[in-house]
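Novice: Sequence isn't available, so here's the structure alone:
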């Protein structure tokens, strides 16, 4: 009877623990205690069983109407992990776990754009055809535009980009002064492009999220300075994400302008062909170079090597192309009206997410840029009914302690409460989903000095740490 009584006592202890006096902070910073029910505690604790991350949705490969063949590593991993689900060709549901990553990326982008003076706004996705006809891009864009008519017969398009809209907005400000320049306006919103053959999941879709910024300057010289500051901000962003990104000379395409660069993540699945010099900093998209060029035009001594890349950003110096058409002017130092110099700058938000997984992940396991991981830590209590089931209380206590003592990890720690499953099966799931840190609360947690197994997935290494050592390690984790 003794083993049975021990298990019964353990269950009673766990029940009492969940309804016990859990500490919380008062406004004065002192700890007080309050009765917290088990249901309230579970609501505060992020539980894997409660995450809407379905892995049993219909396989895209079973319905060719949705997407057809799964064509890229990132697409396969994201669908298998319940991060995305296909809706229409080139369109996806972004499920909650992925949205967490996207929101973190948006915060990073906001930080970098606002450092250089960017001001965030939001423009309509439904754009009047009259604006596009005025810029002569209504016909130039061809079938790439999603076009529609309202009930009155007026023509509209779903915006793939917003040069016309933002320039019209600025043109309506009759009192804009040179003292207010440079003016940098940006948004992060859905864009629409009628891709003839959407593929690669979020890498080439019809509906996607993009950051687009538009700059207005008093002179060509000032516009080039703004252009350079944005390029530097992009470089910082990708460095913070730990992604090797190459800035390459590019064609301006149907957006136009006198100067253009792409930001490319080198990857075998990339659709852009790049020429990169191994001797100097020169790099270019093949479409801007002569087909038989092998010598570097910048250093004259290096050899250009071809590679493939995924375009994740694009910058354009527009000059007065749009500001002249829409009369976007300002009052100069002589109090005379002058036409503004413009630039535009895009970042593919959802494409960056997919491209990062494409270059960092293995065929079986997701690897996130550390700052973009949906959750930083996953805690695994022992299997229910196992010899070390007593350690389950320590797992819950650890999650609570991390939230209380490491404020930057609040909302970043999940408890894999699916204790009907083995540790091995849950470890496999955690590895597949790419939590940067997985903590296994096993037999060594019940020793006189509790020790936790800590798996750092980014470095692919395992450590055994005391509670203090674990708190110290996770205290150094950077979050957004």
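Specialist: Great, that's in hand. Because the structure is a prediction, the values reported are computed rather than measured.
Novice: Kindly state the domain boundaries assigned to the protein.
Specialist: The chain breaks down into these domains under automatic domain parsing: 2-53+370-475, 73-360.
Novice: any idea which of those is most buried?
Specialist: domain 73-360 (a mean of 18; mean count of other Cβ atoms under 10 Å). In short, each C-beta sits where N, CA and C put it, glycine included.
Novice: Ends of it, what's the gap?
Specialist: Start-to-end span of domain 73-360 (Cα to Cα, to the nearest Å) is 10 Å.
Novice: any idea of the mean pLDDT in that domain?
Specialist: For domain 73-360, the mean pLDDT works out to 94.
Novice: now swap in stretch 54-63 and tell me
Specialist: On average, stretch 54-63 scores 53.
Novice: for the protein, which strand is longest?
Specialist: Longest among the strand segments of the chain by residue count, using DSSP state E, is strand 304-319.
Novice: after that one, next one along is what?
Specialist: Under the assignment DSSP states H and E, the closest C-terminal helix or strand after strand 304-319 is helix 321-326.
Novice: That following helix - contacts with which helices or strands?
Specialist: On a contact count with 3 or more Cβ pairs under 8 Å, 6 or more residues apart in numbering; DSSP states H and E, helix 321-326 meets helix 163-171, strand 341-348.
Novice: Name the strands paired with the longest strand of the chain and say parallel or antiparallel.
Specialist: If you go by DSSP bridges, strand 304-319 pairs up with strand 259-266 (antiparallel), strand 272-277 (antiparallel), strand 341-348 (antiparallel).
Novice: Tell me which residues are up against the second one.
Specialist: In this structure, residues lying in contact with strand 272-277 by Cβ atoms under 8 Å, 6 or more residues apart in numbering are 246, 248, 262, 264, 266, 282-287, 289, 293, 296, 298-299, 302-311.
Novice: before we move on, what about stretch 289-301?
Specialist: 275, 277, 279-282, 302-304.
Novice: Which pair of the residues you listed spans the longest distance?
Specialist: Spatially, the most separated pair among these is 281 and 303, at 14.6 Å (Cβ to Cβ).
Novice: just to revisit the earlier point, and the strands paired with strand 304-319: which comes nearest residue 137?
Specialist: Proximity to residue 137 (Cβ to Cβ) singles out strand 341-348 among those, at 13.0 Å.
Novice: May I see the contacts of stretch 289-301 arranged in TSV, with distance to residue 415 as well?
Specialist: TSV is the format used below for those (distance: Cβ to Cβ, whole Å):
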residue	distance to residue 415
275	50
277	50
279	52
280	51
281	47
282	51
302	53
303	54
304	52
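Novice: Which stretches in the stretch 51-200 of the chain count as strands?
Specialist: Using DSSP state E, counting those that start in this stretch, the strands found in the stretch 51-200 of the chain span residues 84-86, 92-94, 118-120, 126-128, 146-149, 155-158, 183-192.
Novice: right, and those strands - which one's nearest residue 429?
Specialist: strand 84-86 (17.5 Å).
Novice: Each with direction, which strands does that closest one pair with?
Specialist: Counting by DSSP bridges, strand 84-86 is paired with strand 92-94 (antiparallel).
Novice: mind checking pLDDT for the closest residue to residue 479 other than its chain neighbours?
Specialist: Nearest residue to residue 479, sequence neighbours excluded (Cβ to Cβ, 6 or more residues apart in numbering): residue 408, at 4.9 Å. What the model reports for residue 408 is a pLDDT of 94.
Novice: how near is residue 408 to residue 247?
Specialist: For residue 408, the distance to residue 247 equals 32 Å [Cβ to Cβ, to the nearest Å].
Novice: Same question for residue 132.
Specialist: Taking Cβ to Cβ as the measure, residue 132 falls 30 Å from residue 247.
Novice: How about residue 198?
Specialist: 27 Å.
Novice: how far out from the middle of the chain is the longest strand of the chain?
Specialist: Strand 304-319 sits 19 Å away from the centroid of its parent chain (Cα atoms, centre = their mean, to the nearest Å).
Novice: now it and helix 163-171, what's the angle there?
Specialist: Relative orientation of strand 304-319 versus helix 163-171 (axes from the mean of the first three to the mean of the last three Cα atoms, to 10 degrees): 40 degrees.
Novice: circling back to that earlier point, looking at the helices and strands packed on helix 321-326, which is nearest to residue 77?
Specialist: Here strand 341-348 is closest among these (Cβ to Cβ), at 18.3 Å.
Novice: contacting residues for residue 255?
Specialist: Residue 255 neighbours (Cβ under 8 Å, 6+ apart): 161, 163, 316, 318, 344.
Novice: which residue packs closest to the first one, ignoring adjacent ones?
Specialist: Sequence neighbours aside, residue 212 is the residue nearest to residue 161 in space, at 6.2 Å (criterion: Cβ to Cβ, 6+ apart).
Novice: And what about the one you found, helix, strand or coil?
Specialist: strand (DSSP: H, G, I helix; E, B strand; the rest coil).
Novice: Would you enumerate the residues in contact with it?
Specialist: 161-162, 186-187, 191, 344-346.
Novice: Please, which helix or strand holds residue 379?
Specialist: Using DSSP H and E, residue 379 maps to strand 377-380.
Novice: Packing partners of that strand?
Specialist: If you count contacts as 3+ Cβ pairs under 8 Å, 6+ apart, strand 377-380 packs onto helix 392-405, strand 413-415, helix 423-433, strand 437-440.
Novice: Would you reformat the ones you listed as TSV and include distance to residue 89 and mean pLDDT?
Specialist: Below are the helices and strands packed on strand 377-380 laid out as TSV (distance: least, Cβ to Cβ, whole Å; pLDDT from 0 to 100):
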stretch	distance to residue 89	mean pLDDT
helix 392-405	41	93
strand 413-415	33	96
helix 423-433	27	92
strand 437-440	36	97
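Novice: Check the contact between residue 365 and residue 428; I expect there is one.
Specialist: No - assessed by Cβ atoms under 8 Å, residue 365 is found out of contact with residue 428, at 9.4 Å.
Novice: Identify the bridge partners of residue 283.
Specialist: Note on residue 283: beta-bridge partners by DSSP bridges are residue 276.
Novice: what sits against it?
Specialist: Each residue near residue 283 by Cβ under 8 Å, 6+ apart is listed here: 246-249, 274-277.
Novice: Nearest to residue 50 among the residues you listed?
Specialist: The closest of the contacts of residue 283 to residue 50 turns out to be residue 246 (Cβ to Cβ; 41.2 Å).
Novice: so residue 364 touches residue 433, yeah?
Specialist: No - using Cβ under 8 Å, residue 364 is not in contact with residue 433, being 11.4 Å away.
Novice: distance of residue 290 from residue 261?
Specialist: Taking Cβ to Cβ as the criterion, residue 290 is separated from residue 261 by 19 Å.
Novice: next one: the strand holding residue 379 to chain centre, how far?
Specialist: With Cα atoms, centre = their mean, you get 22 Å for strand 377-380.
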